[in-house]
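*Asks:* With the sequence up front, the predicted model follows.
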Amino acid sequence: QLVESGGGSVQAGGSLRLSCAASGDTTSNYATGWFRQAPGREREFVAAIRWRGSPKYHADSVKGRFTISKDSAKNTVYLHMNSLKPEDTAVYYCAADFSGTGRYNSRDYSNWGQGTRVTVSA
């Protein structure tokens, strides 16, 4: 089971750190992905990280601003978000890719969390 936290409301240019904590069976090797969904839009890939912490993948829209990382001791994956823009407003989800590769398509993921809302005001 994956549980997201850390969302909130910030002004443009601000920062947030999202957490994706795994509980239950944590022995399976999987990649963790972050996706987001804004109102009226499809869910889109944001970032992914493989089980061992590398390699990492980031969508072009967030490169240089967002960074995905992992603390294996805590079974937690983080999404560090800096220089936030109003267009980053969305519900952010984490999920598991049991192929281990960290693919970009949300259909390749399962064990979705409930999501955490991020609102960026201008």
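*Replies:* Received, thanks. Numbers count the residues shown, from 1 in each chain.
*Asks:* quick one: secondary structure of the residue positioned nearest the centre of the chain?
*Replies:* Nearest to the mean C-alpha position of the chain, counting by Cα atoms, centre = their mean, stands W34 at 2.5 Å. Secondary structure, DSSP: H, G, I helix; E, B strand; the rest coil: W34 is strand.
*Asks:* surely it meets S69?
*Replies:* No - contact criterion Cβ atoms under 8 Å: W34 and S69 do not qualify, at 11.1 Å. Every residue, glycine included, has its C-beta placed from N, CA and C.
*Asks:* Identify the contacts common to these two.
*Replies:* Contact criterion Cβ atoms under 8 Å, 6 or more residues apart in numbering; residues shared by W34 and S69: V77.
*Asks:* low-confidence ranges in the protein?
*Replies:* Applying pLDDT under 70 to the chain flags residues 25-27.
*Asks:* can you pull out the helices in it?
*Replies:* Under the criterion DSSP state H, helices are not mapped anywhere in the chain.
*Asks:* Spit out the contact partners of P39.
*Replies:* Applying Cβ under 8 Å, 6+ apart, no residues contact P39.
*Asks:* and if you look at E44?
*Replies:* When contacts are counted by Cβ under 8 Å, 6+ apart, E44 is found next to F35, R36, Q37, A59.
*Asks:* now swap in T67 and tell me
*Replies:* A47, K56, H58, L79, H80.
*Asks:* The second one is in contact with A47, isn't it?
*Replies:* This means K56. Yes - using Cβ under 8 Å, K56 makes contact with A47 at a distance of 6.9 Å.
*Asks:* These two - which one has more neighbours?
*Replies:* A47 (25 against 15; other Cβ atoms under 10 Å).
*Asks:* surely R36 meets Y92?
*Replies:* Yes - contact between R36 and Y92 holds when scored by Cβ under 8 Å: they sit 4.8 Å apart.
*Asks:* Name the residues contacting each of the two.
*Replies:* V46, V118.
*Asks:* Determine the number of other residues adjacent to A22.
*Replies:* Here the count is done by other Cβ under 10 Å, and A22 has 20 residues near it.
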